[in-house]
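**Student:** Dropping a prediction and its sequence here:
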Amino acid sequence: MTVIRRFVPYVAAVAAVALTSVFIGFVVGRTQIANISMLYLVAVLLVAVAFGTTAAIVASVLAFLTFDWFFVPPTHQLIVADAEELFSLALFLITAVVTGTLAARERARAQEAEHRERDAKLLYEAAFLMAEPELERALAAVAEHFRAALDLDALAIDAEAEILPRPATAARDETARAALGATTGNELRMMDQHGASRRIRLVGARTGSRRQRLTQVIPITASGQRIGRLLILARERAEALSSSDERLLAIAAAHLGVTLERARFREEATEAEALRRADELKTELLHAVSHELRTPLASILASAGSLRQKDVAWTDRERDEFAGAIQDEALRLDRVVGNLLDLSRIENGTLVPHKAWHDVGALVEDVAGRMRPVTAGHPVRLDVPEDLPPVELDYVEIGQVLSNLVENAAKFSPPGSEIGIRVARDDGDVQFEVRDHGPGIAPADAERIFAPFVRVARAGQGSRGVGLGLAIAKRLVEAHSGSIWVDQDVSEGARVVFTLPVGAHGG
């Protein structure tokens, strides 16, 4: 097929000159027209525009010889009797060659401009597809984009394992070419130099394609190192890529190199940020252990040591006080350790809500009952309408959110002040409020208090606790597709509000 196409321009040149000769012979047989040889220039121009310079020159020479043979006396001879006719023929030949060459050159420029416009459009569209945040999806879209645009059987973008993880070792280019591995379907099986099998998913492979072979590998490099490659597959006896298409794919590979390198830098930055946050968490954890854990432990040890003294006759009341102190400090220690473990599981993504439909009123009453030892000395007022619909939530996790908010309210409220828990409908959500009558939260701290280990000193009081209760509450609420904030529209105390969708599907 390729050999036949190679001769098409010359066959077209012969046909154009032949048709023009027939037409001139028909006209000359009936009337005399000066400079009728100029009709050959039309044929030369048509051949030049359609098939290029070489075909135009062939048509010019054929037109010169044909006109001399058939229409210049003596006819049927390549001899010109009249010098003026010889000059006219030479001028015609020069004019035909120059005209055909110029027309073919303009055609080539127009085609080059079209190709550049097409290439620029394809690269622009590919750059737009590369902006997809999910790298694997972006590479799949880019591969399908170029496969469809260049009419390829299949095209795969194979990135190195550290950029696009896959359970296999990368094969070398020379190994890939040697393996060639005819393939069917949407996978290419390759072998590395050690004989290990590896499969690469073919993006955009035509369904029902015949057996394919790896025809070309274009390396994807960044900072002088190869970080991937373009794998181009075609059916047996398929046409090779043109030089312009190869150049386009080489430019696309360069752009992909920048994209993959940027993804690698982003991954490294994310890892560095995670390490930094882990280091900060470790430092804060040490601070928490050094104070919030040692304080209750010291109290427990002191009370237990006092009870073990044999030389002191403790009264029953004093023994009860020591035992109560041990129990209170042990509960406090349990809450601190529990919060630390919960935060660790949340940060690692292992604490996932297990949702079911629950009655909100029963949940609030359950939390208020369990928190009585913490809220001792504070009257707790519940405001829960009876017509609230069931809400899809994790009973334990939302119970912990309410418990943390109630504990915070009790911690920072003066003795005897009321703690309010209110639930109400808010459009498609259910809104929870926990309010106290303490010193309140400054507007500058309204966002900061939800960060881990942030302990804010309220007016007239020092900072208390480890600073985990609100941080855990925020993460648990967001895992339920809800939101939590500090309501600043209160004249006294603090009010923390969070909302949950009635039918939450987040998390």
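**Tutor:** Nice, I can see it.
**Student:** C-alpha only now, for contacts and for neighbours.
**Tutor:** Will do.
**Student:** Show me what residue 156 is bridged to.
**Tutor:** Applying DSSP bridges to residue 156 gives these bridge partners: residue 231.
**Student:** I'd like to know how far it sits from residue 137.
**Tutor:** 13 Å (C-alpha to C-alpha, to the nearest Å).
**Student:** Show me the chain divided up by domain.
**Tutor:** In terms of domains, the chain is parsed into 2-125, 134-271, 281-348, 356-501 (source: automatic domain parsing).
**Student:** got CSV for those, with mean pLDDT too?
**Tutor:** CSV is the format used below for the domains of the chain (pLDDT from 0 to 100):
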stretch, mean pLDDT
domain 2-125, 76
domain 134-271, 67
domain 281-348, 78
domain 356-501, 85
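**Student:** Would you format those as CSV with mean neighbour count included?
**Tutor:** Formatted as CSV, the domains of the chain follow (neighbours: other C-alpha atoms under 10 Å):
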stretch, mean neighbour count
domain 2-125, 17
domain 134-271, 17
domain 281-348, 15
domain 356-501, 18
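**Student:** Now do the helices in the stretch 301-450 of the chain.
**Tutor:** 316-348, 360-370, 395-412 (DSSP state H, counting those that start in this stretch).
**Student:** Which of those sits closest to residue 71?
**Tutor:** Of all the helices of the stretch 301-450 of the chain, it is helix 316-348 that lies closest to residue 71, at 92.8 Å by C-alpha to C-alpha.
**Student:** which other helices and strands contact the closest one?
**Tutor:** Taking 3 or more C-alpha pairs under 8 Å, 6 or more residues apart in numbering; DSSP states H and E as the contact definition, the neighbouring helices and strands of helix 316-348 are helix 294-308, helix 469-479.
**Student:** Against residue 377, how distant is residue 451?
**Tutor:** Counting by C-alpha to C-alpha - residue 451 and residue 377 are separated by 29 Å.
**Student:** Pull the CA coordinates from whichever strand or helix holds residue 149 and hand them back as PDB.
**Tutor:** Residue 149 is part of helix 135-150 when elements are defined by DSSP states H and E. Once non-C-alpha atoms are left out, helix 135-150 reads as follows in PDB (Å, rounded to 0.1, in the frame of the first residue of the first chain):
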ATOM      1  CA  LEU A 135      -2.500  11.600  38.400                       C
ATOM      2  CA  GLU A 136      -3.600   8.200  37.100                       C
ATOM      3  CA  ARG A 137      -6.800   9.600  35.700                       C
ATOM      4  CA  ALA A 138      -4.900  12.500  34.100                       C
ATOM      5  CA  LEU A 139      -2.500  10.100  32.400                       C
ATOM      6  CA  ALA A 140      -5.300   7.900  31.200                       C
ATOM      7  CA  ALA A 141      -7.100  11.000  29.700                       C
ATOM      8  CA  VAL A 142      -3.900  12.200  28.000                       C
ATOM      9  CA  ALA A 143      -3.100   8.800  26.500                       C
ATOM     10  CA  GLU A 144      -6.600   8.400  25.100                       C
ATOM     11  CA  HIS A 145      -6.400  12.000  23.800                       C
ATOM     12  CA  PHE A 146      -3.300  11.300  21.700                       C
ATOM     13  CA  ARG A 147      -4.400   7.800  20.700                       C
ATOM     14  CA  ALA A 148      -7.600   9.200  19.200                       C
ATOM     15  CA  ALA A 149      -6.000  12.200  17.600                       C
ATOM     16  CA  LEU A 150      -3.200  10.200  15.900                       C
END
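**Student:** what's it in contact with?
**Tutor:** 122, 126, 129-132, 153-157, 164, 203-204, 245, 263 (C-alpha atoms under 8 Å, 6 or more residues apart in numbering).
**Student:** is it true that residue 434 touches residue 423?
**Tutor:** No. Between residue 434 and residue 423 there is no contact under C-alpha atoms under 8 Å: 9.1 Å.
**Student:** Next, show the common contact partners of those two.
**Tutor:** With C-alpha under 8 Å, 6+ apart, residue 434 and residue 423 have no common neighbours.
**Student:** For the stretch 101-250 of the chain, which segments are assigned as helices?
**Tutor:** According to DSSP H, counting those that start in this stretch, the helices that the stretch 101-250 of the chain contains are 135-150, 173-179, 243-288.
**Student:** mind checking how far the first one is from the chain centre?
**Tutor:** Here the centre of mass of C-alpha atoms in helix 135-150, compared against the chain's by C-alpha atoms, centre = their mean, to the nearest Å, lies 13 Å away.
**Student:** if I look at residue 267, how far off is residue 66?
**Tutor:** 72 Å.
**Student:** To clarify, my last question referred to residue 94.
**Tutor:** For residue 94, the distance to residue 66 - C-alpha to C-alpha - is 15 Å.
**Student:** neighbouring contacts of stretch 367-381?
**Tutor:** Outside stretch 367-381, the residues touching it (C-alpha under 8 Å, 6+ apart) are 399, 402-403, 406-407, 410, 415-421.
**Student:** In a markdown table, list those along with distance to residue 105.
**Tutor:** As requested, those are arranged in a markdown table below (distance: C-alpha to C-alpha, whole Å):
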| residue | distance to residue 105 |
| --- | --- |
| 399 | 80 |
| 402 | 80 |
| 403 | 82 |
| 406 | 84 |
| 407 | 85 |
| 410 | 88 |
| 415 | 95 |
| 416 | 96 |
| 417 | 93 |
| 418 | 91 |
| 419 | 88 |
| 420 | 86 |
| 421 | 84 |
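**Student:** Of those, just say which sits nearest to residue 297.
**Tutor:** residue 407 (20.4 Å).
**Student:** leaving aside the residues next to it on the chain, what's closest to that closest one?
**Tutor:** Among residues not flanking residue 407 along the chain, residue 374 sits closest, at 6.5 Å (C-alpha to C-alpha, 6 or more residues apart in numbering).
**Student:** Where do the strands of the stretch 51-200 of the chain begin and end?
**Tutor:** Assigned by DSSP state E, counting those that start in this stretch, the stretch 51-200 of the chain shows strands spanning 154-159, 187-191, 197-201.
**Student:** Out of the contacts of helix 135-150, which two sit at the greatest distance?
**Tutor:** For these, and using C-alpha to C-alpha, no pair is farther apart than 153 and 263, which are 27.9 Å apart.
**Student:** Right, I'll leave it there.
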